[in-house]
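Student: Predicted coordinates and the sequence they were generated for:
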Amino acid sequence: MARTVSEPTSPLAIADFRKFWLSRFAAVLATNGMVVIIGYQLYDVARSAYGMTIGEASFQLGLLGLAQFVPFLLLTPIAGVVADRFDRRFVAGASMSVDFAVAAGLAIVTTVGLRSLPILFAFAALHGAVRVFQSPALSAIAPNIVPAALIPRAIALNSIAWQAGGVVGPASFGFLFARHHALPYWTSTGLMLVATFCILSIRSLPPPAPEARKSHPVAQIVGGFKFVWNDRFLLGCITLDLFAVILGGATALLPVYARDILHVGPEGLGPMRAAPALGAAVVALWFSFRPLERNVGVKMLLAVAAYGLATIAFGLSHVYILSLVFLALLGASDMFSVYIRSSLVQLNTPDDMRGRVSATSGLAISASNELGEMQSGLAAALLGATGAVVFGGAAAILVTAIWSRLFPEIRRARTFAPQYRQRETAP
C-alpha cells in the first residue's frame with residue numbers, strides 16, 4: 001500500500017523555507033549593520049575631513065536618509081512589476097548581488113582611505129535602490145513555497161529573522177568597526193554572498209501568469225495601485241500602519257530622552273534602541289508556535305491602539321527601567337499588528353499581484369518610518385519631546401478609532417482566510 005506524505009506542520013520543515021529564512025536573516029543582518037556604519041562614517045567624515053559643526057554634520061545624516069528614501073519612492077512601482085513579471089528568486093538574487101558589490105566597494109574604499117561624502121552618499125543611494133527590488137521579491141516568494149495554512153507562522157518566523165538582524169547587526173558591527181574600520185563591510189560582503197546563494201538554491205517557483213508578460217509595464221504599475229485603491233480591505237490595512245506609525249513614532253526622539261529626560265547618557269541609549277526590537281522578537285517567536293486564528297481584524301485594531309498607549313506611557317515616564325518596559329511593550333504591540341497585517345495582505349492578494357502589492361506596502365512602511373521621524377522632530381520643536389511623544393501616541397489611538405469606522409472590512413475579518421476568495425464565492 002502506498003504511503004501518504006503528511007503535510008508539514010511548520011514552515012521550518014520545508015527545505016526551501018529554511019533556505020529562504022537563512023537568506024533573509026543574512027541579508028537583514030548585513031544591511032542593518034552596514035547602514036549604521038555608513039551613518040557613523042558619514043558623520044565622522046563630515047566632522048573631521050570637512051570641518052563641519054555638529055549641527056551641519058547632523059544635517060548630513062538627514063540627507064543620508066533622504067538619499068536612501070528617494071530611490072525607494074521613485075522605483076517602488078517598477079520593482080513591484082519586476083517581481084510579478086520575472087522569477088522572484090532571480091530578482092531577489094540579482095539585487096542581493098548588487099548589494100554584495102556595494103558592501104565590497106565600501107570595504108575597499110575604507111581600506112585604502114578614500115572615504116568622502118560624495119562616495120558615501122553614492123553607495124547609500126545605490127543601497128537604497130537595491131533594497132527596493134529586494135523587498136517585494138522576497139515578500140512574494142514565501143507564499144509560493146509555504147502552504148497557505150502555514151503562511152501566518154512563516155510571517156512570524158520571517159519577523160524573527162528581521163528583528164534578530166535588527167538587534168544583532170548594529171551592535172555586532174559596532175564592535176567590528178572598533179577593531180578595524182573596514183571589517184564590518186567585509187562581513188557584510190560575506191553575508192550577502194550567503195544570502196544570494198541560499199535564495200538562488202530554492203527550487204523553481206510557479207511561473208508568472210501569461211498575462212503578466214503580455215500587459216504593458218506601465219499598465220501593470222497603474223493596475224497595481226488601482227488594485228490596492230479599489231480593494232478597501234487592503235487599503236485599510238496598509239494605510240492604518242502608515243498613519244499610525246507616522247503619528248506615533250517615538251524612536252527618533254530617544255537620544256533626547258537618554259540625554260536630557262532620563263539622564264542615562266549614551267550608555268542607556270543602546271538598551272532603549274534594542275527594547276522595541278526585543279519586545280517584537282518575543283511576540284514573533286510566540287506566533288511562530290501559537291499563531292492567531294480568530295477575530296484577527298479586531299485584534300489588529302486593538303494592537304495598534306495598544307501601540308499608542310505604550311507610546312503615551314513611555315512619553316510620560318521618568319524612570320529608566322519603566323521606560324525600557326514601555327518601549328518593549330511598544331515593540332511587542334507593533335509586532336502584533338504587523339504580524340496580522342502582513343498575513344492579511346499576503347493572503348488577500350492574488351499571486352499575480354503580490355509583487356506590486358508588497359511593493360506598495362513596503363513603500364508605506366518606509367514612508368511611515370522616514371516621515372515619522374520628520375513629524376517627531378517638528379512636533380518636538382513645537383511641543384517639546386514629552387509633548388510630541390504623548391501627542392503621537394494619542395494620535396495613533398485616534399487613527400485606530402477612525403479607521404475602524406472608515407474600514408469596517410477590517411473589523412469583519414474573522415480569520416486569515418483570503419477575503420478575495422470569499423468575495424468570489426459569495427452568493
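Tutor: Perfect, thanks for sending it.

Student: Would you mind measuring the gap between the ends of stretch 238-258?
Tutor: Using C-alpha to C-alpha, to the nearest Å, the end-to-end distance of stretch 238-258 comes out at 32 Å.

Student: and it, average pLDDT?
Tutor: Summarised as a single mean, pLDDT over stretch 238-258 is 73.

Student: One more: stretch 96-103?
Tutor: Rounded mean pLDDT across stretch 96-103 is 94.

Student: Any chance you could list what contacts that stretch?
Tutor: Here stretch 96-103 makes contact (C-beta atoms under 8 Å, 6 or more residues apart in numbering) with 23, 27, 30-31, 34, 123, 126-127, 130-131, 134, 185-186, 188-189, 192-193, 195-196, 199. From N, CA and C alone the C-beta is placed, and that goes for glycine too.

Student: In strands, which of those fall?
Tutor: Among the contacts of stretch 96-103, DSSP state E puts none in strands.

Student: now the residues you listed: which count as buried?
Tutor: For those, a neighbour count by 16 or more other C-beta atoms under 10 Å gives the buried set as 23, 27, 30-31, 34, 123, 126-127, 130-131, 134, 185-186, 188-189, 192-193, 195-196, 199.

Student: Thr31: what's it in contact with?
Tutor: Taking C-beta under 8 Å, 6+ apart, we find Thr31 in contact with Asp99, His127, Arg131, Gly169, Ser188.

Student: Am I right that the third one is in contact with Leu75?
Tutor: So the one you mean is Arg131. No - using C-beta atoms under 8 Å, Arg131 is not in contact with Leu75; the gap is 9.6 Å.

Student: Convert the C-alpha atoms of stretch 89-108 to PDB, please.
Tutor: This file holds the C-alpha atoms of stretch 89-108, laid out as PDB (Å, rounded to 0.1, in the frame of the first residue of the first chain):
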ATOM      1  CA  ARG A  89      14.300  34.100  -6.900                       C
ATOM      2  CA  PHE A  90      16.400  35.800  -9.600                       C
ATOM      3  CA  VAL A  91      15.000  39.300  -8.900                       C
ATOM      4  CA  ALA A  92      16.000  38.900  -5.200                       C
ATOM      5  CA  GLY A  93      19.300  37.200  -6.100                       C
ATOM      6  CA  ALA A  94      20.200  39.900  -8.600                       C
ATOM      7  CA  SER A  95      19.500  42.700  -6.000                       C
ATOM      8  CA  MET A  96      21.500  40.900  -3.400                       C
ATOM      9  CA  SER A  97      24.400  40.500  -5.800                       C
ATOM     10  CA  VAL A  98      24.400  44.300  -6.300                       C
ATOM     11  CA  ASP A  99      24.300  44.800  -2.500                       C
ATOM     12  CA  PHE A 100      27.300  42.400  -2.300                       C
ATOM     13  CA  ALA A 101      29.100  44.800  -4.700                       C
ATOM     14  CA  VAL A 102      28.100  47.800  -2.500                       C
ATOM     15  CA  ALA A 103      29.500  46.200   0.600                       C
ATOM     16  CA  ALA A 104      32.700  45.200  -1.200                       C
ATOM     17  CA  GLY A 105      33.100  48.700  -2.600                       C
ATOM     18  CA  LEU A 106      32.700  50.300   0.800                       C
ATOM     19  CA  ALA A 107      35.200  47.800   2.200                       C
ATOM     20  CA  ILE A 108      37.700  48.700  -0.400                       C
END
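
Student: So which bits of that stretch are buried?
Tutor: Buried residues in stretch 89-108, counted by 16+ other C-beta under 10 Å: 89, 91-100, 102-107.

Student: and if you look at stretch 264-284?
Tutor: 264, 268-269, 271-284.

Student: How far off centre is stretch 245-260?
Tutor: Averaging C-alpha positions (C-alpha atoms, centre = their mean, to the nearest Å) puts stretch 245-260 18 Å from its chain's average.

Student: Also stretch 287-294?
Tutor: Using C-alpha atoms, centre = their mean, the offset of stretch 287-294 from its chain centre is 21 Å.

Student: ditto for stretch 47-55
Tutor: On C-alpha atoms, centre = their mean, the centre of stretch 47-55 falls 31 Å from the chain's centre.

Student: And for it, what's in contact with it?
Tutor: So stretch 47-55 is contacted by Ala46, Ala57, Gln60, Arg115, Ser116, Leu117 (C-beta under 8 Å, 6+ apart).

Student: Check which residues of that stretch are buried.
Tutor: Residues of stretch 47-55 classed as buried by neighbour count (16+ other C-beta under 10 Å): Arg47, Met52.

Student: model confidence over it, on average?
Tutor: In this model, stretch 47-55 has a mean pLDDT of 79.

Student: quick one: the helices in the stretch 301-427 of the chain?
Tutor: 320-347, 354-406, 408-411, 419-425 (DSSP state H, counting those that start in this stretch).

Student: Lowest average pLDDT across those?
Tutor: Mean pLDDT, when computed for each of these, is lowest for helix 419-425, at a mean of 44.

Student: The protein - how does it break down into domains?
Tutor: Per automatic domain parsing, the domain ranges recorded for the chain read 11-148+165-208, 216-427.

Student: who wins for proximity to Ser159 among those domains?
Tutor: domain 216-427 (3.8 Å; C-beta to C-beta).

Student: residues contacting His263?
Tutor: By C-beta under 8 Å, 6+ apart, no residues touch His263.

Student: Can you report phi and psi for it?
Tutor: Main-chain torsions, His263, degrees, to the nearest 10: phi 60, psi 50.

Student: can you check Arg85 too?
Tutor: Dihedral angles phi and psi of Arg85 (degrees, to the nearest 10) take the values phi -100, psi -20.

Student: Going by neighbour count, which residues in stretch 392-408 are buried?
Tutor: Those buried within stretch 392-408 under the rule 16+ other C-beta under 10 Å are Gly392, Gly393, Ala394, Ala395, Ala396, Ile397, Val399, Thr400, Trp403, Ser404, Phe407.

Student: try stretch 236-255
Tutor: 236-254.

Student: Out of the buried residues of stretch 264-284, which sit inside helices?
Tutor: Counting by DSSP state H, the part of these found in helices is 268-269, 271-284.

Student: just those: which has the poorest pLDDT?
Tutor: Between those, the one the model trusts least by pLDDT is Leu269, at 65.

Student: Serialize the buried residues of stretch 392-408 to a markdown table and add fields for distance to Arg203.
Tutor: A markdown table is the format used below for those (distance: C-beta to C-beta, whole Å):
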| residue | distance to Arg203 |
| --- | --- |
| Gly392 | 45 |
| Gly393 | 45 |
| Ala394 | 49 |
| Ala395 | 46 |
| Ala396 | 42 |
| Ile397 | 45 |
| Val399 | 42 |
| Thr400 | 41 |
| Trp403 | 39 |
| Ser404 | 42 |
| Phe407 | 38 |
